[in-house]
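Participant: My questions concern the predicted model and sequence given below.
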Amino acid sequence: MDDNFAIPLLRDLFATALRAASPEVLVPQALPPRPPGMVTVLGAGKASAAMARAVEDAWGPPMRGLVIVPDGYGVPCRYVEIIEAAHPVPDTRGRRAALRILDMARELEEQDFLLAPISGGGSALMTLPAEGVPLSDKQALNRELLKCGAAIDEINTVRRHVSAIKGGRLAEAAWPAPVLALLLSDVPGDDPAVIASGPTIPDPTTRADAQAVLARHGIELPDSVRRWLENPRSETPGPRDGRLSRTAWEMVGTPAGVLKAVARRARHIGLQVVKLGDRVQGEAREVARRHALLARRIAASREDGPVLILSGGETTVTVRGRGRGGRNTEYALALALALQGHPHIHALAADTDGIDGTTDAAGALVRPDTLARARAMGLDPLRLLADNDACTFFDRLGDLVVTGPTRTNVNDFRAILIT
C-alpha cells in the first residue's frame with residue numbers, strides 16, 4: 001500500500017473522527033426535555049458556539065445568552081451572542097465577555113434555567129482573574145504553565161484557583177437557578193471538573209493542590225498570584241457546597257466515543273485495529289518512540305492484512321527551543337525519527353480542534369520517505385526537534401494537516417497504519 005492509498009485512508013479516518021465529534025450530531029442526543037420559560041445559555045470553548053446553535057435549533061425561543069470562542073470558531077446564532085477571543089493565552093476580549101457572563105448568571109432567579117455549553121479551550125477563553133490579580137499576571141502565569149510540561153489537569157487545577165468564574169464559581173453565581181452543563185470532553189478521563197476548568201462543576205481540588213503544582217514545575221509566581229493563593233478566599237466551591245446543589249452535567253461527547261467510531265469505520269474497510277486508548281499522556285516525543293517500537297513489532301510479526309494503531313489523549317511538550325510546533329507535530333517528527341523510514345508504516349497525528357499548539361495546522365503526516373525527503377532539502381530533523389520546530393519541518397515537506405477551525409474538540413487523534 002503506497003502513499004496514494006495510505007495517506008487518503010488516514011485522512012478519511014481523521015474526517016471520521018471529526019464527524020463523530022460534531023456538536024450538531026451530539027448535542028440534540030444529550031438534551032433533556034425543554035424547561036418552560038426563558039433559557040439562558042452561557043458557555044465557552046472551541047465547540048461551544050456550534051453547541052449553542054444546536055441548542056437553538058432543538059429548543060427554540062425564548063432564549064438568550066453569551067458564548068466565548070477562539071478567533072475563527074464563531075457560528076451564527078439567532079438568540080445567543082457569540083464573542084471571539086484569544087486562545088491559548090487569554091486577552092481583554094475574553095475578560096470582558098467573562099465578566100458579562102458572570103453578571104448574567106447573577107441576574108438569574110430560582111425559576112430561571114442556565115444551560116452551559118462547555119468544551120475544551122474554555123478555560124483560557126472565559127478568563128476572569130481573581131481579585132487583585134491583573135490580567136497581565138494571569139497571562140504570564142498561563143504562558144509558564146503551557147511550556148513547563150504540566151499535564152492538563154495540573155494546569156486547570158491552577159487556573160481554577162486563580163479565577164473568579166471557574167472551579168464552580170459560575171454555578172455559584174447563578175444560585176438558586178438550576179444549572180445544566182453540556183460537556184464535550186477534551187481531557188483524559190473525561191473529568192468534568194477539568195474540562196474548561198469546570199466553571200459549573202464542584203472543584204475537588206484545593207488551593208494547596210494548586211500551590212503544589214506550581215512548586216513541582218518550578219514556576220516563579222507573580223506577587224499578585226502568590227498573595228491570592230495564600231488567601232483562604234481562593235478556595236473554590238467544593239463537592240459539599242450547597243450553592244451547587246442544583247447543578248447537573250451531561251457528557252455530550254468523549255474522545256473514547258470518537259475512537260470507537262473510527263475503529264468501527266476502519267474494521268468496515270478491512271483493517272485490523274489496535275486501540276491504545278483515549279488517555280495517552282506523557283512527553284510527545286517519548287510517546288512517539290514507544291508507539292514506533294510497537295508499530296515495528298507489529299510490522300515484523302504481521303501475517304496478513306493492514307493494521308491500524310489508534311490512540312487519543314493529550315501529550316505534553318516541555319518547550320526548550322524557539323520553534324513553531326505543537327504536541328502533534330512534535331509527536332509526528334519524533335515518530336518519523338524512530339521509524340527511520342520503515343517502508344510499510346504511515347501515520348497521522350492531529351488535534352481535533354484544528355489547532356496544534358499555536359500554529360495554523362492541526363498536525364502532520366508521516367510517510368516512509370519523510371526523513372529522506374527532508375534531508376534532500378537540507379533539513380536537519382534532530383536539530384528541528386531539539387528546537388521544538390516540528391511545524392517548520394512538516395511545512396517545508398508539504399505534510400502538515402490543515403483543517404481550519406473544526407468547531408469541535410475531543411483532544412488528539414493519532415493513527416499509525418502498518419501495511
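Facilitator: That came through, no problem. On a predicted model such as this, the values are computed, not experimentally measured, just so you know.
Participant: Tell me where the stretch 251-400 of the chain has strands.
Facilitator: Remark: strands assigned in the stretch 251-400 of the chain by DSSP state E, counting those that start in this stretch are 272-275, 307-311, 345-351, 363-366, 400-401.
Participant: can you redo the ones you listed as a markdown table with mean neighbour count and mean pLDDT?
Facilitator: No exception for glycine: its C-beta is placed from N, CA and C like everyone else's. A markdown table is the format used below for those (neighbours: other CB atoms under 10 Å; pLDDT from 0 to 100):
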| stretch | mean neighbour count | mean pLDDT |
| --- | --- | --- |
| strand 272-275 | 16 | 97 |
| strand 307-311 | 22 | 98 |
| strand 345-351 | 28 | 98 |
| strand 363-366 | 30 | 98 |
| strand 400-401 | 23 | 98 |
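Participant: for those strands, which one sits closest to Ile155?
Facilitator: Each of the strands of the stretch 251-400 of the chain has some distance to Ile155 by CB to CB; the shortest is strand 345-351, at 15.9 Å.
Participant: Correct me if wrong: Leu141 contacts Pro222.
Facilitator: Yes: here Leu141 lies in contact with Pro222, judged by CB atoms under 8 Å, at a distance of 6.5 Å.
Participant: the more surrounded of these two?
Facilitator: Neighbour tally, Leu141 and Pro222, criterion other CB atoms under 10 Å: the higher count belongs to Leu141, 23 against 18.
Participant: what's near enough to touch the more buried one?
Facilitator: 158, 162, 219, 221-222, 225 (CB atoms under 8 Å, 6 or more residues apart in numbering).
Participant: For Leu382, the count of nearby residues, please.
Facilitator: By other CB under 10 Å, 9 other residues sit near Leu382.
Participant: One more: the one 10 residues further on?
Facilitator: Neighbourhood size, Thr392 [other CB under 10 Å]: 19.
Participant: Now it. Nearest residue, chain neighbours left out?
Facilitator: Counting by CB to CB, 6 or more residues apart in numbering, the nearest residue to Thr392 once its immediate chain neighbours are dropped is Arg324, at 5.6 Å.
Participant: And for Gly270?
Facilitator: Excluding its sequence neighbours, the residue lying closest to Gly270 (CB to CB, 6+ apart) is Gly305, at 6.8 Å.
Participant: Just list the residues touching that neighbour, thanks.
Facilitator: Taking CB under 8 Å, 6+ apart as the contact definition, Gly305 lies against 270-272.
Participant: So for it, what's the pLDDT?
Facilitator: Model confidence at Gly305, given as pLDDT, is 88.
Participant: what's the spacing between it and Thr419?
Facilitator: When CB to CB, to the nearest Å is the yardstick, Gly305 and Thr419 sit 9 Å from each other.
Participant: again, but for Asn409
Facilitator: For Asn409, the distance to Thr419 - CB to CB - is 30 Å.
Participant: can you check Thr358 too?
Facilitator: In this structure, Thr358 and Thr419 are 34 Å apart, going by CB to CB.
Participant: Looking at these two, which is more packed in?
Facilitator: Regarding Thr358 and Thr419, a neighbour count based on other CB under 10 Å identifies Thr419 as having more, with 19 against 13.
Participant: OK, contacts around that one?
Facilitator: With CB under 8 Å, 6+ apart as the criterion, the residues that contact Thr419 are 1, 6, 306, 344-346.
Participant: And Arg285, by the same measure?
Facilitator: By CB under 8 Å, 6+ apart, Arg285 lies in contact with 330-331, 333-334, 385.
Participant: Just those residues: which are in helices?
Facilitator: Judged by DSSP state H, those include 330-331, 333-334, 385 as members of helices.
Participant: Columns neighbour count on top of the residues you listed, output as JSON lines?
Facilitator: Compiled in JSON lines, those are given as follows (neighbours: other CB atoms under 10 Å):
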{"residue": "Glu330", "neighbour count": "32"}
{"residue": "Tyr331", "neighbour count": "32"}
{"residue": "Leu333", "neighbour count": "31"}
{"residue": "Ala334", "neighbour count": "24"}
{"residue": "Leu385", "neighbour count": "23"}
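Participant: out of those, who's nearest Ala362?
Facilitator: Comparing every one of those with Ala362 (CB to CB), the shortest separation belongs to Tyr331, at 12.5 Å.
Participant: Could you measure from that closest one over to Gly198?
Facilitator: Counting by CB to CB, the gap from Tyr331 to Gly198 is 27 Å.
Participant: Val402 now?
Facilitator: Using CB to CB, which is the criterion applied here, Val402 is 31 Å from Gly198.
Participant: Who has more neighbours out of these two?
Facilitator: Higher neighbour count among Val402 and Gly198: Gly198, with 30 against 14, using other CB under 10 Å.
Participant: right, and that one touches Arg160 too?
Facilitator: Yes: taking CB under 8 Å as the contact criterion, Gly198 and Arg160 are neighbours in contact, 6.7 Å apart.
Participant: any residues in contact with both of those two?
Facilitator: Listed contacts common to Gly198 and Arg160 are 166-167; contacts here mean CB under 8 Å, 6+ apart.
Participant: Can you tell me the closest non-neighbouring residue to Asp360?
Facilitator: Sequence neighbours aside, Val402 is the residue nearest to Asp360 in space, at 6.7 Å (criterion: CB to CB, 6+ apart).
Participant: Need the pLDDT of that neighbour.
Facilitator: pLDDT, the model's per-residue confidence, is 97 for Val402.
Participant: can you tell me how far it sits from Thr315?
Facilitator: Between Val402 and Thr315 the distance is 20 Å, computed by CB to CB.
Participant: and what of Trp249?
Facilitator: Trp249 sits 26 Å away from Thr315 when distances are taken as CB to CB.
Participant: ok, these two, which is more surrounded?
Facilitator: A side-by-side neighbour count of Trp249 and Thr315, using other CB under 10 Å, places Thr315 first with 24 against 19.
Participant: so that one makes contact with Asp412?
Facilitator: Yes: look at Thr315 against Asp412 with CB under 8 Å: they come within range, at 6.8 Å.
Participant: Now for the two: what residues contact both?
Facilitator: Overlap of the contact sets of Thr315 and Asp412 (by CB under 8 Å, 6+ apart) consists of 280, 327.
Participant: And the closest residue to Leu42 other than its chain neighbours, its phi and psi?
Facilitator: The spatially closest residue to Leu42, leaving aside those adjacent along the chain, is Ile101, at 4.8 Å (CB to CB, 6+ apart). With angles defined as degrees, to the nearest 10, Ile101 sits at phi -60, psi -40.
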